[in-house]
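In: All I have is the shape, not the residue letters:
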């Protein structure tokens, strides 16, 4: 008994740097932000309790709803297309071709580019007048929209740009594909299944837990999109068509000095993501197959 | 006691000793001598060098205070966080429009007592510049370098369009007509523009002032949708209607960075721009052969009383709340406010000075051929700067959005400004109410 307590103490001592870090830098701010979301708090003055006023104001805040809508539209455009693309690329990169590791590396490398440099790079690609993308479109006699200046094209531009980061998801899919038991394919071969039938009835069901994981990470990632649009579209220009939820949150916290309001926004986003995640998990019960169970 | 039992206490002791030692060797040495004060400033390049020269001159001039100048990016946010964290610099170089917000938040010290003690008074300054640091009856900030704006125009582009390069437009109507003659297209796309309300985009909120409008009545009312402001936004829309909203935008997206030879004005892409006194520096650096001139920005033909208008702004020095050496900090600020310090700084940055008294040598040595214009305009009556309310950043974002909507022809000027009015008026009411609750009368 004594020995056990001793061991537990030593274990705690060893993980104490993490516990202290977690408590001071994560748990405390997290709990404090719940409290601040019910306060008039500018960071510089002591917080004043105002009850649910921040939440009430948010309900009546047009810009809040606009940013929520923008974020939802972006997520609906970016998430399925991004997932489909990453999955298709992973399937292609899983075939047995010479030099496959090189191809895999090529597809992964772009996702290592830091977000800010990525944004600056794509500012030039999308440039309406001199951008390389519009140069190609004009050469092909296709319409060349002003990607960054036209409210109708700014969100599609961001979705296109999101493709750049598909590498992360591809790697996870590839790992999942390695785990699909070979004997299932052999059995399917004996039954005379073609490529599509094998993908549809063997690969996808066996891959479904990985797809679910990428879906949930994708929901979190797209709903919290911040750095790239913040650099590319100052103030959510043009005409707030790229003004996303986290950008409005940031402006409230650090530009308007309304930290309490921003905390309330943060917790609303948390609840939204929680509901969507639980919904996907619920939905997955019927569609996701776990090999172990 | 075995070695095993000793291990844990020794380990803890060793760790503590290590922490103590690393603290001891990194702690700054406190030798007897001048008090070191920290000064955060945003400037880099030649503007930073100019302030460094002033700091060096101050450090040489006496031996009680030594200023350590640090260049900080995103200075307003970092100062905010440093004040909140209780470890701010002794002096911070913020922007003029920060004053109201930071004073409301109790983040900067009022300087009234210091000013009184050292004989710094409003009369020594050009009123438009003094007012920027003076908020709700207190001095919260003193200026470093001021700025004023004027119409910059490209003489060569005037000549190419058959216009007299020595006869820049006097009224808005003349400017619109000149702009039409200068604007050319190639393959259906705009190739050169005479004038664009969206360029450079820094005063998109403020075109209403040029037409006699105001954004706030100084009391309880937002005046975003006053007839003058609506008229200004209709003028903005007239450019989109005349040249095409998308065409103007595509053309504008081809411009390079402001600080580069691809800057639209420097690359002779746009012939007329509202620009500040700093523009000379960029012309000198990137397009020294450009033939240009500067005159007061045009006024509406039916409002000659609005002639000689200018947007005024300035960089400021404040003492953040919680600064460790406020007295020494003010000693430095006071030096910057002296004619000697101010002229050294403003000459280094090639701007005019915010002080009423200017030495003859300053005028003689100044490289900007139009410096007297920039110095004269702020002394007139039509000087404009953003309203001094803490919710200006939010109001500013709303106005910029309204500008976008009108320039893209998504909304009529009346609709866009009515929306700004409807959104900001309740916010102003709430803001004033909160000030009252704190016992501060606006």
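Out: Good, I have the coordinates. Remember, predicted model here, so these are calculated numbers, not experimental data.

In: Give me the mean pLDDT for the helix or strand harbouring residue A:15.
Out: For residue A:15, the element it lies in under DSSP states H and E is helix A:2-22. The predicted model gives helix A:2-22 an average pLDDT of 89.

In: again with stretch B:321-335
Out: When the per-residue pLDDT values of stretch B:321-335 are averaged, the result is 95.

In: Can you give me the buried ones in that stretch?
Out: Neighbour counts over stretch B:321-335 (16 or more other CB atoms under 10 Å in any protein chain shown) mark B:321-323, B:325-326, B:328-335 as buried. Using the backbone N, CA and C atoms, a C-beta is placed for each residue, glycine as well.

In: want to throw those into CSV with secondary structure?
Out: Conversion of these to CSV gives the following (DSSP: H, G, I helix; E, B strand; the rest coil):
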residue, secondary structure
B:321, coil
B:322, coil
B:323, coil
B:325, coil
B:326, helix
B:328, helix
B:329, helix
B:330, helix
B:331, helix
B:332, helix
B:333, helix
B:334, helix
B:335, helix
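
In: With distance to chain A added, can I get these in a markdown table?
Out: Supplementary listing: those in a markdown table, determined by distance: CB to the nearest CB, whole Å:
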| residue | distance to chain A |
| --- | --- |
| B:321 | 8 |
| B:322 | 10 |
| B:323 | 14 |
| B:325 | 20 |
| B:326 | 17 |
| B:328 | 23 |
| B:329 | 19 |
| B:330 | 21 |
| B:331 | 25 |
| B:332 | 24 |
| B:333 | 21 |
| B:334 | 26 |
| B:335 | 28 |
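
In: What about the nearest residue to residue B:151 once chain neighbours are set aside? Give its phi and psi, please.
Out: Nearest in space to residue B:151, with sequence neighbours left out and distances taken as CB to CB, 6 or more residues apart in numbering or on different chains, is residue B:297 at 4.7 Å. Recorded main-chain torsions at residue B:297 are phi -60, psi 140, according to degrees, to the nearest 10.

In: Run through the residues of the stretch 51-200 of chain A sitting next to chain B.
Out: For the stretch 51-200 of chain A, the residues in contact with chain B (CB under 8 Å from any CB of the partner chain) are A:62, A:63, A:127, A:128, A:129, A:130, A:146, A:148, A:149, A:150, A:151.

In: Would you agree the fourth one falls within a strand?
Out: What that stands for is residue A:128. No: looking at residue A:128 with three-state DSSP, it is coil, so not inside a strand.

In: show me the contacts for it.
Out: Taking CB atoms under 8 Å, 6 or more residues apart in numbering or on different chains as the contact definition, residue A:128 lies against A:134, A:144, A:145, A:146, A:147, A:148, A:149, A:150, B:249, B:250, B:253, B:254.

In: contacting residues for the closest residue to chain B within the stretch 151-293 of chain A?
Out: Distances between the stretch 151-293 of chain A and chain B by CB to the nearest CB are smallest at residue A:239, namely 4.1 Å. Under the criterion of CB under 8 Å, 6+ apart, the neighbours of residue A:239 are A:151, B:401, B:404, B:405, B:408, B:410.

In: For chain A, what's the nearest residue on chain B?
Out: With CB to the nearest CB as the measure, residue B:254 is the residue of chain B nearest to chain A, at 2.8 Å.

In: burial measure for that residue, as a count.
Out: For residue B:254, the tally of surrounding residues (other CB atoms under 10 Å in any protein chain shown) stands at 18.

In: Residue numbers of chain B in contact with chain A?
Out: When proximity is defined as CB under 8 Å from any CB, chain B approaches chain A at B:77, B:80-81, B:83-84, B:101, B:104-107, B:189, B:246, B:249-254, B:321, B:390-391, B:393-394, B:397, B:400-401, B:404-405, B:408, B:410, B:423, B:434.

In: how about the strands in the stretch 101-250 of chain B?
Out: With DSSP state E, counting those that start in this stretch as the definition, the stretch 101-250 of chain B shows strands at residue ranges B:134-135, B:138-139, B:142-154, B:184-186, B:189-195.

In: Note down every partner strand of the longest one and its orientation.
Out: Paired with strand B:142-154 in the same sheet, following DSSP bridges, are strand B:270-276 (antiparallel), strand B:292-295 (antiparallel), strand B:310-318 (antiparallel).

In: Now do the SS call for the spatially closest residue to residue B:372 that is not a sequence neighbour.
Out: Across the structure, with CB to CB, 6+ apart as the measure, the residue nearest residue B:372 apart from its sequence neighbours is residue B:363 (7.1 Å). Here residue B:363 is helix, with the state taken from three-state DSSP.
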